[in-house]
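Colleague: Provided below for reference: sequence and predicted model.
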Amino acid sequence: MKKLFLFILLLAGCVFGYSQSVTFKGSVQDPGGLPLEAATVYIRSAKDSTLIDYTITDNKGNWQMKSRGVSQPFLLKVSFVGFGNYEKRYEPLAKDTDFGVVKLTDKSTELKELVIQADIPPVRVKKDTLEFDAASFKVRPDSNVQTLLKQLPGVDIDASGKITVNGKQVNQILVNGKPFFDRDGKIALQSLPAELIKKIQVSDFKTKKEELQKKQADSDNASINLTIDKDKNKGVFGRITGGYGTNDRYEANGLINYFKNNRKISLLASSNNINASGFSNDDIFDSMGGGRNMMMWTNGSGTTYVNGVPVGGGGNGITVTNIAGVNYSDEYKKGFDHSASYFYNDTDTKNNTRSRNETFLTDANGAATGESQITNSASDSRSINTSHTANTEFDIKPDSTSTNNFRPKFVRTDTSRATRNTQNTTDQLGNLLNESSGTTSNDALSTAFSSTLTYNKVLGKRGRAFSAEFSNSNNNTDSDYYNITNTSFYNTGTTDNRNQLQRSRSLRDNYNIDVSYTEPVTDSLNLEIGSVYKWSSSTDDQKGYNFNPATGAYDNEADVITTYLNSTTVTTNPYASLRLDKKKYNITLKAGTGIYSFDNYGTYMGSDYKVNKNYVLPTANARFRYNFAKSKRLTLSYNFNTSFASASQLLPISDLGNALSTTVGNPDLSPEKSHNISLYFNNYNFATRSGYSLYGGGTINETQIVNYTSLADNGKRTTTYENINGGYSSYFGGNYNKNVKSESGNNLRYTIGLTANYSRSLGYLNTRLYSANRFSLSPTVNVNYDLGEVLTINPSYTYNINDAQYTNYSVGQVSNFVHKASLIITNYWPKNFVMGNDFTYTYNSQLSAGYRRDFFLWNTSIGYNFYKEQFLFKVKVYDILNQNLGNSRTISASGITDLQNTVLKRYAMFSLTWKINNFGNKKRGSQGGMPGRGGMPGGGRMRRMP
């Protein structure tokens, strides 16, 4: 703990020891003397136009910069879209200075001669879009787009790859307005060179309907569009890497891009056995992911997804990955854009798992018995997954008032999984209740097709529009599940031995039509009326067979595991919506009536079962957004949600596929109803280069479906379902980030964040109602210090605590906490060398005996660029101390689980990378750098004014 305390002091010292003392301020007005909000004020070196500092004006036209002064002659510049630029030279300043009022002029008064525009502002605010000039943000040669994004004010990228801008999570990244393999931009961020980018545009994420009707976005998420410099939007670039290491570890990957104006073709391929996706353009850590063995966006287990398909490892086990893909986009003619991509992914994962699950018990009278059941299990598994994903998009604009967008997608997945498992269950005294061992395997073929067709027509009057959208998703999965297990129940002296095949077909079909008409009532008030029609069907057809020793085949029908289930829901939802848009705020109120036909049918053991119900339920949502300033916003929202039980939850059919667990439906279930509320506030101050965001929300369950479980003395579990109310969940948190840059080029960025969750979960165990009030809290601190272009130091610390309070259980309270501290040091000296060290210490409290609680993970890398920096030779070592662990504890509403998975252990890798950079006027091997990415110092341009 002393080391941890010293580490926290180091973080605090980095954050608070980097102070600034000089304040520059002033104000900006339009030609009529009115204050201008969101004008860009910036300072460039008079000698070479290097950007020194910048800010934007507030809603009163005032601006302020805090720095350590300017020790060289400089140019003060002001820019605002629609007005002429302002520029004035000053001598060095090292004291507080008020520059007074700057009144901009109309553009028409500027000289209509040859003008050198060397003053492209670093940031501009255009309506609802924040636009950054890429050339104004210095990054090292060969940096990728993700590195460039980290330099932008208000942008934060956490260890899992999640990006936020001014507190808003980014859920879409486009290149020149089009997807690059996928809309989430994983591959674009990691593979595209930063020097290719001209502008980064950040805006609110819009649905296709909002985008086509040019509405303000309702979402609190953000979208990023990367605009490629026209001078560089032609040529071939990419990189090819091959490496081999100890323990037969290997990696090979390549990405080649051919760009020619609107036509863009990209090819990628990768093969490795180090749990990597293979897209990294990181010269230091590659796919070691900065020490966590993951990169880009990941899910909770660390698995990376592209187009909804898992890619590479990063999760549990050791994965061999082979991938290939192609991306194509073009504008055939004005008004007809097309993009398409294909992705092949093949993974082979081996994993050894052991776990300890403790289930808390109550007795039939409701008094806590002081008992629990403990299940220890161990398994080894192998999972092979092969998928093909093809998707395309067409944007067609037949005229100035009509727009069509069509996005089809096809996925085919072959999965094979085999598991060998042993487990036993005891009471709290160690008395054996049951044990089971055996093998299971599942072979599945899944095909999925989905599409969205959107049509929008502007009908003359401003704001009047007609919109229609059709979407579908069709999934078909055929699988063979083999179950060869032997189970013994000791208190009854019985056994359950199985050698069975369950052949299944699963169908999921959904069709949705949304038609609406929008009529402007006033300039700021719009009325939208429409209707949604949905048809959803879910079918599970399972046929069971016992193994026949006489024939050596599975040809004896097993009626107890043969079932047919179908659920069909038809929804008609007419609605009306009012939207009020004002300069400072907007309000949306939407209400309708959901008319549901809910039909369920099943067959089991020769009997038919039907549960058909009809409902008429309200639909409602509301949103209020208030804009205090361009970068300061408050959003409140409310939604009423309804969901229905599945056929397996509703039909009184027993599922006897597992010897240790049986489930049966309840035909008296009602739909789930819930009220969802959320609050979001963000504020970013360009003057102090700092910002913060606060958020919170929750779900109140008016009616929910919960498990009603009976746990027998032999450890066998029988579960049905019941309706209940009183459950809820909530979340809240916030973060603060600040960027401080010195005149000498040193840069400090730090983020302080907090996330928390509180929930009340309900259920039934042995006829008694239990509750679990669970609370989690996770503060985090991340600091990044750049010492010029020589050294980067990145310490971070995260603390996570989980606590659960129970009623009617043998245990009243459980908790655990996790400390995670890391330090990443990257050195770019001497010239052509790059070295990195990544240290991470993790401590996980309260793990059971036999599960190690803490470990160090140390990764290191050293690389050398040679032959005009076209080639990079690198040596990297993963997990030098050979301590990496995959241990975790989960606290649920009914117990605790300790889990250990196989993880990647120590290896060394030697690799060679060939960098191909032939685009625009760039010669092979040249590194661009800063300044000069825009053709002139400071990203300037030369053009003739009209």
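Modeller: Yep, it's here. Not measured: the values here are computed from a predicted model. Numbers count the residues shown, from 1 in each chain.
Colleague: what about the stretch 601-750 of the chain, any weak spots by pLDDT?
Modeller: Low-confidence segments of the stretch 601-750 of the chain, defined by pLDDT under 70: 743.
Colleague: show me where it has helices.
Modeller: When secondary structure is read from DSSP state H, counting those that start in this stretch, the stretch 601-750 of the chain shows helices at 647-650.
Colleague: tell me which residues of the strand or helix carrying Thr568 come out buried.
Modeller: According to DSSP states H and E, Thr568 maps onto strand 563-581. By 16 or more other Cβ atoms under 10 Å, the buried positions in strand 563-581 come out as 563-569, 571, 573, 575, 577, 579, 581. Backbone N, C-alpha and C define where each C-beta goes, glycine included.
Colleague: now name the helix or strand holding the residue lying farthest from the centre of the chain.
Modeller: Going by Cα atoms, centre = their mean, the residue of the chain most distant from its centre is Ala550, 53.2 Å out. Ala550 belongs to no helix or strand when elements are defined using DSSP H and E.
Colleague: roughly how far apart are it and Asn556?
Modeller: 9 Å (Cβ to Cβ, to the nearest Å).
Colleague: ok, now Ser536?
Modeller: 36 Å.
Colleague: same thing with Glu519?
Modeller: 66 Å.
Colleague: what's the answer for Gly238, then?
Modeller: 57 Å.
Colleague: and those two? Which one has more around it.
Modeller: Gly238 (21 against 15; other Cβ atoms under 10 Å).
Colleague: and that one, what is it in contact with?
Modeller: Ser191, Gly254, Leu255, Ile256, Asn257, Ile916 (Cβ atoms under 8 Å, 6 or more residues apart in numbering).
Colleague: same list (those) but as a markdown table, adding pLDDT.
Modeller: Formatted as a markdown table, the contacts of Gly238 follow (pLDDT from 0 to 100):
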| residue | pLDDT |
| --- | --- |
| Ser191 | 80 |
| Gly254 | 92 |
| Leu255 | 90 |
| Ile256 | 93 |
| Asn257 | 91 |
| Ile916 | 90 |
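Colleague: out of the residues you listed, which are inside strands?
Modeller: Gly254, Leu255, Ile256, Asn257, Ile916 (DSSP state E).
Colleague: closest to Leu525 out of those residues?
Modeller: Asn257 (47.3 Å; Cβ to Cβ).
Colleague: give me the number of residues near that closest one?
Modeller: Count around Asn257 with other Cβ under 10 Å applied: 22.
Colleague: OK, contacts around it?
Modeller: Ser191, Leu192, Val236, Phe237, Gly238, Lys264, Ile265, Ser266, Leu267.
Colleague: out of the buried residues of strand 563-581, which one has the lowest pLDDT?
Modeller: Among the buried residues of strand 563-581, Asp581 carries the lowest pLDDT, at 91.
Colleague: quick check: closest non-adjacent residue to that one.
Modeller: Ser524 (5.2 Å; Cβ to Cβ, 6 or more residues apart in numbering).
Colleague: follow-up on the earlier one: buried ones among the ones in strands among the contacts of Gly238?
Modeller: Looks like those have Gly254, Leu255, Asn257, Ile916 buried, using 16+ other Cβ under 10 Å.
Colleague: from what I can see the first one touches Ser271, true?
Modeller: No. The pair Gly254 and Ser271 fails to qualify as a contact (Cβ atoms under 8 Å) at a distance of 10.0 Å.
Colleague: now do the residue nearest to Asp581 against Lys584, distance only.
Modeller: In terms of Cβ to Cβ, Ser524 sits 11 Å off from Lys584.
Colleague: how about Glu131?
Modeller: 22 Å.
Colleague: ok, those two, which is more surrounded?
Modeller: Neighbours were counted for Glu131 and for Lys584 using other Cβ under 10 Å; Glu131 has more, 19 against 10.
Colleague: pLDDT wise, what is the more buried one at?
Modeller: Looking at Glu131, the pLDDT reads 90.
Colleague: if anything else comes up later, I'll come back, but that's it for now.
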